[in-house]
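Participant: Sequence and predicted structure, then a few things I'm wondering about:
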Amino acid sequence: MHPELPPVVLITLDTTRRDALGAYGAPGGTTPALDRLADVATVYDNAWSTSPWTLPSHASLFTGLYPSHHGAGVSDDRLRREQLTLAEVLAEKGYFTVGVAGGHLASSHFGLAQGFLRYRDPEG
């Protein structure tokens, strides 16, 4: 990894409501670690998903393509290898790319680990 490269951290929270997060005004300190990260990170106020479920929406995040173009969860049961992913682009630029999946539908089985140098599938 090149020391001059700025860190890039992408966190996705599947089926999480915005009003449940402190960074967006939830009371009671329910998400203190995310709130601390939000204090020093770029936090988006508006975002839309390309799909209502995990596989096609994450494939879109990782490729920049609509589900109708990358096919994952639409015409294919996984992300096709020929699709260029964000992790591949970052690795090519010298980033050490790591992915950690929390749920089965984000596992490497569905092609979402493509381009990560390390990827941890969910346990159980």
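Facilitator: Perfect, thanks for sending it. Numbers count the residues shown, from 1 in each chain.

Participant: For the residue of the chain positioned farthest from its centre, what are phi and psi?
Facilitator: Ranking residues of the chain by C-alpha distance from their mean position (CA atoms, centre = their mean) puts residue 28 at the top, at 26.3 Å. The phi and psi torsions at residue 28 (degrees, to the nearest 10) take the values phi 90, psi 10.

Participant: Next, work out how far apart it and residue 19 are.
Facilitator: For residue 28, the distance to residue 19 (CB to CB, to the nearest Å) stands at 12 Å. Every residue, glycine included, has its C-beta placed from N, CA and C.

Participant: and if you look at residue 104?
Facilitator: With distances defined as CB to CB, the gap from residue 104 to residue 19 amounts to 26 Å.

Participant: next structured bit after the one helix or strand in the chain whose mean pLDDT sits lowest?
Facilitator: In the chain, no helix or strand scores lower on mean pLDDT, DSSP states H and E than helix 32-40, which sits at a mean of 93. Moving toward the C-terminus from helix 32-40, the next helix or strand (DSSP states H and E) is helix 54-63.

Participant: Residues contacting that following helix, please?
Facilitator: Counting contacts by CB atoms under 8 Å, 6 or more residues apart in numbering, the residues outside helix 54-63 that touch it are 10, 12, 14, 49-51, 65-67, 70, 72-74, 78-79, 83-87, 103, 105-106, 110-112, 114-115.

Participant: try stretch 14-28
Facilitator: Residues lying outside stretch 14-28 but in contact with it, judged by CB under 8 Å, 6+ apart, are 13, 29-32, 34-35, 38, 43, 54, 102-103, 105-106.

Participant: Buried ones among those?
Facilitator: Buried subset of these (neighbour count, 16 or more other CB atoms under 10 Å): 31, 34, 38, 54, 105-106.
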